[in-house]
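A.B. asks: using only what follows, build the 3D model:
(one chain, ligands or ions: 1)
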Amino acid sequence: MNTASFLTLGCKVNQYESDGMAELLKKAGYEVVPFGEAADVTVVNTCAVTNIASRKSRQMLNRAKKVNPDTVLVACGCYVQSVDDVLEAMPEVDIFLGNNQKNHIVSYLEEYQKNHAKQNHIIDINHESAYESFAISNTVNNSRAYVKVQDGCNRFCTYCIIPYVRGRVRSRDIDDVANEVKSLAASGFKEIVVTGIHVTSYGMDIEDPDINFTNLLVRLNEIDGIERIRLSSLEPNSVTEEFVNTVAGLDKVCPHFHLSLQSGCDETLKRMNRHYTTKEYRDGVELLRRVFDKPAITTDVIVGFPGESEDEFRSTFDYLSDIELYEMHIFPYSRRKGTIADTMPDQINGNVKHERSEKLRRLNAMNKERFEDSFIGSEVEVLIEEKVDIDGKCYLVGHSRRYVKVAVEAGDETLVGRIVTVSIDRRLNSEYMLATNDADS
Ligand code: SF4
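C.D. replies: The predicted model follows:
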């Protein structure tokens, strides 16, 4: 039997696509082995979101061939898509698969077995209108499955390379999504995360006006066996009365919403080419808070964007102090070749970015703790994901519907993969809340 191994860099969409390729290879008779073991085929699924991610992708390709010199090395994904002359830049690679080409991996490998000639399958992604279809029934994370529903982005934020390497919005057929979720439910998954490059654009490339993100969620909510639907990053503009009221009627959708803010200063948002104002963002947050009970609202923030003055940063800091979100992911701005922001004047010095990040990190730690502590004394449902050792003691751990991490003193291990109701007793450490399983008390 032939063997294949995978190394995946970057986001959940990449992980989903690696899972999709792994299923295709398994169907073709390959055994998938851990990365680093001897394998006939090694697939490195690369990332280009920052210059550092590109560098790491390059290093991993190099390492893959070094540890396994006889392997057929397949390089795929966004970094590969972003390089002008791949054959010159990555001489160790045998097969290049750009975006929208990964689902042909089996036939390209068959061709390679016949002639051992290098292959370059990189197409002009900006003119692609077809969705690259995969179907997964399993994934490496075995309690929560990421389901990709669309690819591409039409937004062109000035710091982001993604529209250039992933192309325009392409939505997956709604029946295909539903069938995949049914097969994940049949494999025992209780929770899915609806994933894509810009999920709220779902359906905009399809003529039927009934095919849109809200109706997709309505359809997925009907699938038996799935108990939780989590949404990945939402466009702040998509949080409308209609969307929020519909979603509030879907019992499986978790009250956990990731609304990417990026900056709390309108001037910075304009330079980023984000299509909302801080006022519109705040309206969305208030609407969610009116309709849902204690929604967990999380966000991303970029600090040190070109031209971000002390005043602009202060506006962001004050805005975030005031709006008090559950959790923010803070990213010091990282230059990306090929983007407009990379050519902007007034690039911010690394120390300033570091200082600003630290200020926001301290604010984040406070907000996060306050939100999580507000559940002490409450009952919550937790999807038990694994057994872990914390300070020499065994716990079963998982996430609540609001994505709070909860630890229960380990008892019955058959609870892994199941949803249990627990009572939150106290904070265990900075990461977990400690809870008692109600069935044990
Ligand atoms: S919305 Fe902006 S940040 Fe997100 S993928 Fe599109 S261009 Fe990039």
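
A.B. asks: quick one: buried residues of stretch 349-358?
C.D. replies: Neighbour counts over stretch 349-358 (16 or more other Cβ atoms under 10 Å) mark 353, 356, 357 as buried. (C-beta placed from N, C-alpha, C; glycine too.)

A.B. asks: so who does residue 304 touch?
C.D. replies: By Cβ atoms under 8 Å, 6 or more residues apart in numbering, residue 304 lies in contact with 332, 333, 348, 352, 353, 356, 357.

A.B. asks: closest to the ligand among those?
C.D. replies: Nearest to the ligand among the contacts of residue 304 is residue 333, at 12.4 Å by Cβ to the nearest ligand atom.

A.B. asks: identify the residues contacting the closest one.
C.D. replies: 159, 302, 303, 304, 305, 306, 308, 341, 348, 353.

A.B. asks: residues touching the longest helix along the chain, excluding its own?
C.D. replies: Using DSSP state H, we find that the single longest helix of the chain is helix 350-373. Here helix 350-373 makes contact (Cβ under 8 Å, 6+ apart) with 294, 296, 301, 303-304, 308, 313, 316-317, 320-321, 324-328, 330, 332-333, 404, 427, 430, 433.

A.B. asks: from the residues you listed, which land in strands?
C.D. replies: Among the contacts of helix 350-373, the ones falling in strands (DSSP state E) are 296, 301, 303, 327, 328, 330, 332, 427, 433.

A.B. asks: which entries within those residues meet the buried criterion?
C.D. replies: Counted by 16+ other Cβ under 10 Å, those give 296, 301, 303, 327, 328, 330, 332, 433 as buried.

A.B. asks: list just the nearest of those to the ligand.
C.D. replies: Closest to the ligand, out of all of those and judged by Cβ to the nearest ligand atom, is residue 301, at 12.6 Å.

A.B. asks: from what I see, the closest one and residue 331 are in contact.
C.D. replies: Yes - at 7.1 Å, residue 301 counts as touching residue 331 under the criterion of Cβ atoms under 8 Å.

A.B. asks: buried stuff in the worst-scoring helix or strand of the chain on mean pLDDT?
C.D. replies: Taking mean pLDDT, DSSP states H and E as the measure, the helix or strand of the chain with the lowest value is helix 86-89, at a mean of 86. Buried residues in helix 86-89, counted by 16+ other Cβ under 10 Å: residue 86.

A.B. asks: for the next helix or strand after that helix, which helices and strands make contact with it?
C.D. replies: Elements were assigned by DSSP states H and E; along the chain past helix 86-89, the next helix or strand is strand 95-97. Judged by 3 or more Cβ pairs under 8 Å, 6 or more residues apart in numbering; DSSP states H and E, strand 95-97 is in contact with strand 72-77, helix 105-115, strand 119-121.

A.B. asks: so which residues of the stretch 151-300 of the chain form strands?
C.D. replies: 170-171, 191-196, 228-231, 256-258, 296-303 (DSSP state E, counting those that start in this stretch).

A.B. asks: let me have those strands in a markdown table, extended by mean pLDDT.
C.D. replies: Putting the strands of the stretch 151-300 of the chain into a markdown table (pLDDT from 0 to 100) gives the following:
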| stretch | mean pLDDT |
| --- | --- |
| strand 170-171 | 96 |
| strand 191-196 | 96 |
| strand 228-231 | 97 |
| strand 256-258 | 98 |
| strand 296-303 | 98 |
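
A.B. asks: to the ligand, which of those lies closest?
C.D. replies: strand 296-303 (8.7 Å).

A.B. asks: and that closest one with the ligand, contact?
C.D. replies: No - legend: contact between strand 296-303 and the ligand by Cβ under 6 Å from any ligand atom is lacking; minimum distance shown is 8.7 Å.

A.B. asks: now what about that strand, what contacts it?
C.D. replies: With Cβ under 8 Å, 6+ apart, strand 296-303 has contacts from 159, 233, 255-264, 272, 285, 288-289, 313, 316, 320, 325-333, 353, 356-357, 360, 371, 402-404.
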